[in-house]
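# Next input, structure requested:
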Amino acid sequence: MAARVAAGAGGSDAFPLLDDLMPWSVRPLRPGRPWVTAPDASSLRARWDLLARAEGAEQERLFQPSRSRTPLTPAAALPGRSTGTSAFARDPGPYPEPVRIAHGPFDEQWLIPDHRLLDAARPELWRVADGHQVFAVEHGYVPQDGGPALSATALLPDGYSPAGRPGRIRPLYRRPGGLEPNLAPGLTAELTARYGMPVTAGSVLAWVLAAARPSPTGPLVPLPADGALWERGVELGQELLRLQLRGARGGERPRLPGGRRPYVRAAIPPGPGGLRYDAEEETLVVGEGRVSPVPSGAWEFRVGGVRMLELWFGRRTAAGEGLAAVGPRGWPQERTSELLELITVLALLADARPRQRELWERLDGTEVLTRDGLHRAGVLPVPASARLPASVLDHQEEGPEGQFALL
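Here you go, the predicted structure:
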């Protein structure tokens with residue numbers, strides 16, 4: 001049954017939570033030490049070599065031990081990875097090729113995929129990370145924040161949240177190969193019947209990206225009773241998804257139209273120093289370097305109250321300690337290319353915000369499907385099994401010290 005519920009009138013408690021619609025979720029990764037990730041892959045190789053050559057107390061100092069991991073801790077290999085499982089101090093093994101990850105929202109970095117170096121790597125995520133998977137990543141809730149409630153990525157996400165309590169990571173599919181959508185059982189059938197059009201896992205994710213709103217209990221996802229409004233929101237959400245995937249899953253890399261594309265007007269120096277924005281000239285000033293045009297929407301794009309461009313830049317210029325201090329000298333050329341792409345993505349996402357606000361206003365003034373309605377339809381509550389990882393093993397995984405993992 002549909003009901004008229006206005007979020008502004010305190011009716012948001014009736015909205016389904018993202019946790020109702022995509023029930024299986026995983027906590028963020030907990031690396032335990034900052035040096036296992038880096039904006040560039042070459043830095044990780046240099047750090048690994050330094051650690052592998054060190055011995056005794058020096059190796060322990062560089063490692064930065066925690067209660068979960070020390071140089072003497074064996075660990076199972078991560079799913080799909082062939083790495084050493086004996087204690088690193090006894091046998092580091094060959095250097096594992098780094099993997100590209102989403103280090104929080106809108107920041108792509110590299111990670112050493114060795115379980116012995118990571119406090120909590122969340123193997124269940126690695127088992128389903130493949131060329132079909134898309135991850136929805138909740139952002140920590142910050143009151144009065146106008147930023148998005150979640151983002152999507154085709155990369156393995158670490159779930160880092162710029163501010164507030166980290167949210168959960170929700171894979172779109174529970175099994176490799178794009179099999180078994182991570183949706184409440186019966187949800188797509190119920191929505192298909194109501195809207196009179198096919199509803200798929202992809203369209204649900206698109207709707208979530210367009211319609212979700214942050215709340216202290218997790219993202220709220222109003223579902224309209226009107227199929228036309230659903231179709232409009234899905235179309236917007238598909239555009240948001242395409243932008244955030246940055247060309248993955250067969251899409252095109254985001255591009256601003258001619259005349260709006262950012263260019264380097266003055267080269268970014270090796271030691272760029274600070275970052276500031278000249279709103280009058282729409283210019284991002286990077287030390288003595290200059291990039292323009294940079295729309296104000298890209299500069300002001302925030303998650304959890306934090307400007308994404310400032311966070312991205314700060315991570316690449318902050319002085320690290322120990323192995324985290326090992327990195328490229330100066331400002332690599334590829335870093336400038338990544339900056340231009342990030343500006344493009346944020347600018348296009350900012351352009352879509354007015355349409356997103358319009359969608360929310362339409363939802364506030366129309367009938368929606370409430371949680372009670374989904375209970376009556378038999379979609380809620382979801383069975384406990386839907387909140388657990390699926391059994392996806394088609395091979396044995398190597399456990400600590402080379403033994404087979406017992407799962």
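# Could you pick out the longest helix of this structure?
helix 333-364 (DSSP state H).
# Buried residues of that one, list them for me.
Going by neighbour count (16 or more other CB atoms under 10 Å), the buried part of helix 333-364 is 335-336, 338-352, 355-356, 359-360, 362-364. The C-beta positions use only the backbone N, C-alpha and C, and glycine is treated the same way.
# what's the answer for stretch 130-141, then?
133-141.
# pLDDT of stretch 258-273, averaged?
Stretch 258-273 shows a mean pLDDT of 92.
# Name the residues linked to the closest residue to Ala267 other than its chain neighbours by a beta bridge.
Spatially, and ignoring its direct neighbours in sequence, Ala267 is nearest to Gly289 (5.7 Å; CB to CB, 6 or more residues apart in numbering). With DSSP bridges as the criterion, Gly289 is bridged to Val286.
# quick one: Gly289 from Gln109, how far?
Here the distance between Gly289 and Gln109 works out to 22 Å (CB to CB, to the nearest Å).
# Tell me which of the two has more neighbours.
With neighbours defined as other CB atoms under 10 Å, Gly289 and Gln109 compare such that Gln109 has more, 24 against 19.
# Dig out what the more buried one forms beta bridges with.
Using DSSP bridges, the beta-bridge partners of Gln109 come out as Ile101.
# I'd say it and Ile101 touch.
Yes: the pair Gln109 / Ile101 is scored as a contact, 6.0 Å apart, by CB atoms under 8 Å.
# Could you tell me which residues touch both of the two?
Thr37 (CB atoms under 8 Å, 6 or more residues apart in numbering).
# Domain-wise, how is this structure divided?
As given by automatic domain parsing, the domain ranges for the chain are 2-253+361-383, 263-318+331-359.
# Let me know which of those is the nearest to Ala325.
In terms of CB to CB, the element of the domains of the chain nearest to Ala325 is domain 2-253+361-383, at 8.5 Å.
# Report the contact partners of the nearest residue to Tyr195 once chain neighbours are set aside.
Excluding its sequence neighbours, the residue lying closest to Tyr195 (CB to CB, 6+ apart) is Gly227, at 3.5 Å. Neighbouring residues of Gly227 by CB under 8 Å, 6+ apart: 194-197.
# what does Asp226 give?
By CB under 8 Å, 6+ apart, Asp226 lies in contact with 366-367.
# Show the pLDDT at it.
So Asp226 comes in at 95 (pLDDT).
# For the longest helix of the chain, name the packing helices and strands.
Counting contacts by 3 or more CB pairs under 8 Å, 6 or more residues apart in numbering; DSSP states H and E, helix 333-364 packs against helix 201-211, helix 227-245, strand 263-266, strand 289-292, helix 296-300, helix 308-317.
# Now do stretch 184-194, average pLDDT.
pLDDT averaged over stretch 184-194 gives 98.
# Give me the contact list for that stretch.
20-23, 181, 198-201, 204, 223, 225, 227, 230, 369, 374, 377-380, 382-383, 386.
# 7 Å instead, please
20-21, 23, 198-200, 204, 377-380, 382-383, 386 (CB atoms under 7 Å, 6 or more residues apart in numbering).
# same check, this time on stretch 40-55
With CB under 7 Å, 6+ apart, stretch 40-55 has contacts from 35, 38, 59, 62-63, 92, 95, 98, 110, 112, 323, 326-328, 332.
# Tell me which residue lies farthest from the centre of this structure.
Residue farthest from the centre of the chain, counting by CA atoms, centre = their mean, is Gly56 at 36.7 Å.
# Pull the contacting residues for Arg213.
149, 219-220.
# Out of those residues, which is nearest to Tyr173?
Set against Tyr173, the nearest of those by CB to CB is Pro219 (19.1 Å).
# on that earlier part again, which among the contacts of Gly227 gets closest to Ala154?
The closest of these, once distances to Ala154 are taken by CB to CB, is Met197, at 25.8 Å.
# The closest one: neighbour count?
There are 13 residues near Met197, going by other CB under 10 Å.
# Which pLDDT does the model give it?
Met197 is assigned 97 on the pLDDT scale.
# Look up the closest residue to Asp107, ignoring the ones flanking it.
Trp312 (5.5 Å).
# That neighbour touches Glu108, doesn't it?
No: checked against CB atoms under 7 Å, the pair Trp312 and Glu108 is beyond contact range at 9.7 Å.
# So which of the two has more stuff around it?
Using other CB under 10 Å, the more surrounded residue of Trp312 and Glu108 is Trp312, with 23 against 16.
# ok, so what distance separates Pro16 from Thr344?
Using CB to CB, Pro16 is found at 33 Å from Thr344.
# With Leu29 instead?
Leu29 is 27 Å from Thr344, by CB to CB.
# What of Leu309?
12 Å.
# go on, Pro143?
30 Å.
# same check, this time on Ser68
Distance from Ser68 to Thr344, by CB to CB: 39 Å.
# How about Ile268?
Ile268 is 17 Å from Thr344, by CB to CB.
# Likewise for Pro157?
21 Å.
# again, but for Ser215
For Ser215 relative to Thr344 (CB to CB), the value is 30 Å.
# residues in contact with Ser151?
Going by CB under 7 Å, 6+ apart, Ser151 touches 105-106, 137, 139, 244.
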